[in-house]
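Colleague: Next input, structure requested:
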Amino acid sequence: MQRIKLVAVDLDDTLLRDDLTISEHTQEILRRVRESGVVVTISTGRMLPSARPYAEQLGFDVPIITYQGALVKSVFSGEVIYECPLNEDVARLVIQYGRKKGIHVNFYLEDKLYVERVTPVGEHYERLAGVPFTRVSDLEELLEAGLPYKLLLIQEEQLIGQSLQELREILQKEGLDAHLTKSKPTYLEVNHPKATKGTALEKLADWLGVSREEVMACGDSYNDLEMLEFAGCSVAVANA
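Modeller: Here you go, the predicted structure:
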């Protein structure tokens, strides 16, 4: 087996405890791993401002993977090594679908979070992410300012699977492509097809000059699958 040179770790339900903190024990392990010469980074569906405090706490001076793989950026230097926003037609279609179905939709643009409606699930997300949202009258109008890194639909667990399937069928009918995955039982992530944790980890490994066989990935959910498949060594945590 090749010596591991790069480790990518998911945040929620993997690195973080239920209270959204990193235990002292885990911090000590990560410190020892880094002192041995291994590069350690975060790979998360969270937006950059939501992941930044953890990267700063751990002293991760390498680019971290955020927005489900749509942005790989250093929180210290600001250097961007990969970004892949959502297609405009896909974004518009998903926004319209969410509006029609009454589903809460998060719109991520330039490290800010936008919503059309204030909902209980949206407020719960705001507390978990630690990032305030901005309410606008029409998310589609934001597309004139730029393309979002991703969209997130939040819905009851028993309905999210149906929405995923319906969106896939609608996108296919319109000749559009997107990466759809669940990051939590009630979270449906919508990204560009090339904005996955796997693609982002591959870009980061190339940037560091690390081979696939020298990469380890740790995750727990559907949105970690591409990352776990790419890495030469994959670890699914106990709750996966």
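
Colleague: is it true that residue 149 touches residue 106?
Modeller: No - judged on C-beta atoms under 8 Å, residue 149 makes no contact with residue 106 at a distance of 10.8 Å. Bear in mind the C-beta positions are built from the backbone N, C-alpha and C, glycine included.

Colleague: In a strand, residue 22, correct?
Modeller: No - going by DSSP: H, G, I helix; E, B strand; the rest coil, the assignment for residue 22 is coil, not a strand.

Colleague: list the contacts for it?
Modeller: Each residue near residue 22 by C-beta atoms under 8 Å, 6 or more residues apart in numbering is listed here: 15-16, 54, 57-58.

Colleague: Would you reformat these as JSON lines and include pLDDT and secondary structure?
Modeller: JSON lines is the format used below for those (pLDDT from 0 to 100; DSSP: H, G, I helix; E, B strand; the rest coil):
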{"residue": "15", "pLDDT": "93", "secondary structure": "helix"}
{"residue": "16", "pLDDT": "94", "secondary structure": "coil"}
{"residue": "54", "pLDDT": "97", "secondary structure": "helix"}
{"residue": "57", "pLDDT": "96", "secondary structure": "helix"}
{"residue": "58", "pLDDT": "95", "secondary structure": "helix"}
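
Colleague: Which one of these sits in the busiest neighbourhood?
Modeller: residue 15 (23 neighbours; other C-beta atoms under 10 Å).

Colleague: Got the phi and psi for the closest residue in space to residue 185 that isn't next to it in sequence?
Modeller: Closest residue in space to residue 185, ignoring its immediate chain neighbours: residue 157 at 4.3 Å, by C-beta to C-beta, 6 or more residues apart in numbering. Reported as degrees, to the nearest 10, the phi and psi values for residue 157 are phi -60, psi -40.

Colleague: doesn't residue 187 make contact with residue 157?
Modeller: No - here residue 157 lies out of contact with residue 187, judged by C-beta under 8 Å, at a distance of 9.8 Å.

Colleague: Residue 151: neighbouring residues, count only.
Modeller: Neighbours of residue 151 (other C-beta under 10 Å): 22.

Colleague: Spatially nearest residue to it (excluding sequence neighbours)?
Modeller: Using C-beta to C-beta, 6+ apart, the nearest residue to residue 151 is residue 190, at 4.3 Å.

Colleague: now the residue nearest to residue 185: how far from residue 122?
Modeller: Distance from residue 157 to residue 122, counting by C-beta to C-beta, to the nearest Å: 16 Å.

Colleague: Kindly report the same for residue 209.
Modeller: Where residue 122 is concerned, residue 209 sits at a distance of 41 Å (C-beta to C-beta).

Colleague: next one: residue 12
Modeller: Residue 12 is 17 Å from residue 122, by C-beta to C-beta.

Colleague: ok so, going back, between residue 157 and residue 187, point out the one with more neighbours.
Modeller: With neighbours defined as other C-beta under 10 Å, residue 157 and residue 187 compare such that residue 187 has more, 22 against 11.

Colleague: so where do the helices sit in this protein?
Modeller: 24-35, 48-58, 88-101, 120-129, 139-142, 157-173, 197-208, 225-230 (DSSP state H).

Colleague: averaged over its residues, what pLDDT does the shortest one have?
Modeller: Right, the one you point to is helix 139-142. Mean pLDDT, helix 139-142: 98.

Colleague: try the fourth one
Modeller: Averaged across helix 120-129, pLDDT comes to 93.

Colleague: residue closest to the middle of this protein?
Modeller: By C-alpha atoms, centre = their mean, the mean C-alpha position of the chain lies nearest to residue 45, the distance being 1.5 Å.
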